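**Q** sequence and predicted structure are below.
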Amino acid sequence: MKQEAVTDESLREFLLGKLIYHEQERIECEFLTDSEARQRILAVEQDLIEDYFEESLATADRERFLLVYGRTAEQRRKLKITKSIKDWAITQAGLPQTTLAGIPAWGRVRAWFRARPAAVPIAVTVAITFIVIAVLLNLRIEQRNKRRSAIEQELAQLNSPSSLSEVPLRMTSLDLSPMTVRSAAEQTKISPGVEIQIVELRLPWIQKQRYSKYQAEVRRVVDDESFTIRNLQAEGNGQSLIRVRLPVRLLRRGDYKIQLHGTNIDGSTSPPEEYRFAVTG
Amino acid sequence: MARDSAIPPDSFEEILAWLNPDRELAGQMYVQLRHDLAKLFIWGRCADPEGLTDEVFDRVAKKVHEVRPTYIGDPRLYFRAVARNLIKENFKKIKTHLSFEDVDQSLQQISETEDDIEDMEECLHSCLGELRADKLELILGYYAKQRQAKIDHRNELARRFGISVETLRVRVFRIRACLEDCIERCLHSKAHRK
């Protein structure tokens, strides 16, 4: 407001119809011609309405207020709308959580897009792309899991005590040393020819503690592809050798790592013993 | 309020040209002026602010051809003078003034059905849902406290937003006005569907 003399108090008196004509005229003229003054008067009006709801108006002012703002059904409806906003804010402030109860999140998303219509086709394209990628990834993971499960089933069968008691014709055996006792000797290499179908790896168990079962995880170092073989048993007089048989077709060129754990009846496992070999040729 | 049929056909264009030579700006000023005049009638305790605003424009339309060439100053003040005359006439016409007791009672006695309350809540939440998060936070913060506590709270809020309390108040007023418009539209459309 350009003229300093108009205070919030004068504006309240104006709104309640308490000002003399000259002052009233001045405020009305400013209200119509000065947008800043208009905003300020409306803001003071907002405070006045709040004070009415909070019952902090003097009785005479309350009467005046109702004669201005509560005359028609339309005005009373407006007052109720204002009250509902204020009541909502007070209720929200009293709630312990920081989320805004009652406001649907979807409504806010919808409003955001309504304000930015150009973003809708982009959002739809991005959403479709994400869905397609997610479906493809899911299919791939499913296929991989199925393959892994089939392979682990085959390995379990191949390494069962009954299978290990037989010696297939097209099999080769290799002794691997645990990494903890290996010297600088060259890494064991397997170069299976076409006539070989199964490779038997003989893994000495050097830890003092013996276990009823053992579990071997065979991992190809370069791509982290791995298979687990459970329920292996130690053999030999001192029960210190575990045999693991692998089909040659599963082995690809590259370095492999085997981690062998002893498993107790209660499910607890020993520290791992690690073995390495490389497939060449 | 019945509209006068003796209004010259080009007077509306003349009013717009008087308000501002730029037609687009003039259109905006016209809409704002209508809104502001209705407010003056509310503050003047008139029962039909919209009807009386129409009457102001009708009266100005009839005279605009002769007034405009000689009038000096902001034309909106001329509209205000016409509105003032109408307020005076309005008071003279109404023999029996509505008493405070009548108004207070009618305000207390508005019987709200469960449907009304439900509609209001639905519309409030739907319109709050359309507000941007920062505006929602502002309006929530502004109205969170009552009476004496609200003064300190609003000072703190203004400090937090880096604005004066005055600016905060105007900003909240704008948000609330939009919110109230939205709620009104929503309630209106619900009433229409019933």
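**A** Okay, I see it.
**Q** after whatever helix or strand residue A:130 lives in, which helix or strand is next?
**A** Using DSSP states H and E, residue A:130 falls within helix A:119-158. Using DSSP H and E, the helix or strand that follows helix A:119-158 in sequence is helix A:161-164.
**Q** what does that next one contact?
**A** A:157, A:233, A:243, A:245 (Cβ atoms under 8 Å, 6 or more residues apart in numbering or on different chains). Any C-beta I mention is one placed from the backbone N, CA and C, and that applies to glycine too.
**Q** do the helix holding residue A:130 and chain B meet?
**A** No - using Cβ under 8 Å from any Cβ of the partner chain, helix A:119-158 stays clear of chain B, with a minimum separation of 14.4 Å.
**Q** quick one: that helix to chain centroid distance?
**A** Mean C-alpha position of helix A:119-158 versus that of the full chain (Cα atoms, centre = their mean, to the nearest Å) differs by 18 Å.
**Q** show me what it is packed against.
**A** helix A:105-115, strand A:226-232, strand A:241-247 (3 or more Cβ pairs under 8 Å, 6 or more residues apart in numbering or on different chains; DSSP states H and E).
**Q** can I see the domain layout of chain B?
**A** Following automatic domain parsing, chain B resolves into domains at B:11-93, B:112-193.
**Q** is the shortest one positioned near chain A?
**A** Yes - for a cut-off given as Cβ under 8 Å from any Cβ, domain B:112-193 has contacts with chain A, namely B:120-121, B:124-126, B:128-133, B:136, B:139-140, B:142-147, B:166, B:169-170, B:172-174, B:176-177, B:179-180, B:183-184, B:187.
**Q** distance between stretch B:126-135 and the chain's centre?
**A** Counting by Cα atoms, centre = their mean, stretch B:126-135 comes out at 22 Å from the chain centroid.
**Q** same question for that stretch, mean pLDDT?
**A** What stretch B:126-135 shows for mean pLDDT is 89.
**Q** that one: which residues count as buried?
**A** B:126-131, B:135 (16 or more other Cβ atoms under 10 Å in any protein chain shown).
**Q** and what of stretch A:138-150?
**A** For stretch A:138-150, using 16+ other Cβ under 10 Å, no residue counts as buried.
**Q** what residues does that stretch touch?
**A** With Cβ under 8 Å, 6+ apart as the criterion, stretch A:138-150 contacts residue A:227.
**Q** then that stretch to PDB, C-alphas only?
**A** C-alpha atoms of stretch A:138-150 as PDB (Å, rounded to 0.1, in the frame of the first residue of the first chain):
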ATOM      1  CA  ASN A 138      12.800 -61.800 -15.800                       C
ATOM      2  CA  LEU A 139      12.700 -64.400 -18.600                       C
ATOM      3  CA  ARG A 140      16.500 -64.500 -18.700                       C
ATOM      4  CA  ILE A 141      16.800 -65.000 -15.000                       C
ATOM      5  CA  GLU A 142      14.100 -67.700 -15.100                       C
ATOM      6  CA  GLN A 143      15.900 -69.500 -17.900                       C
ATOM      7  CA  ARG A 144      19.200 -69.300 -16.100                       C
ATOM      8  CA  ASN A 145      17.700 -70.600 -12.800                       C
ATOM      9  CA  LYS A 146      16.000 -73.500 -14.700                       C
ATOM     10  CA  ARG A 147      19.300 -74.400 -16.400                       C
ATOM     11  CA  ARG A 148      21.200 -74.100 -13.100                       C
ATOM     12  CA  SER A 149      18.700 -76.300 -11.300                       C
ATOM     13  CA  ALA A 150      18.800 -79.000 -14.000                       C
END
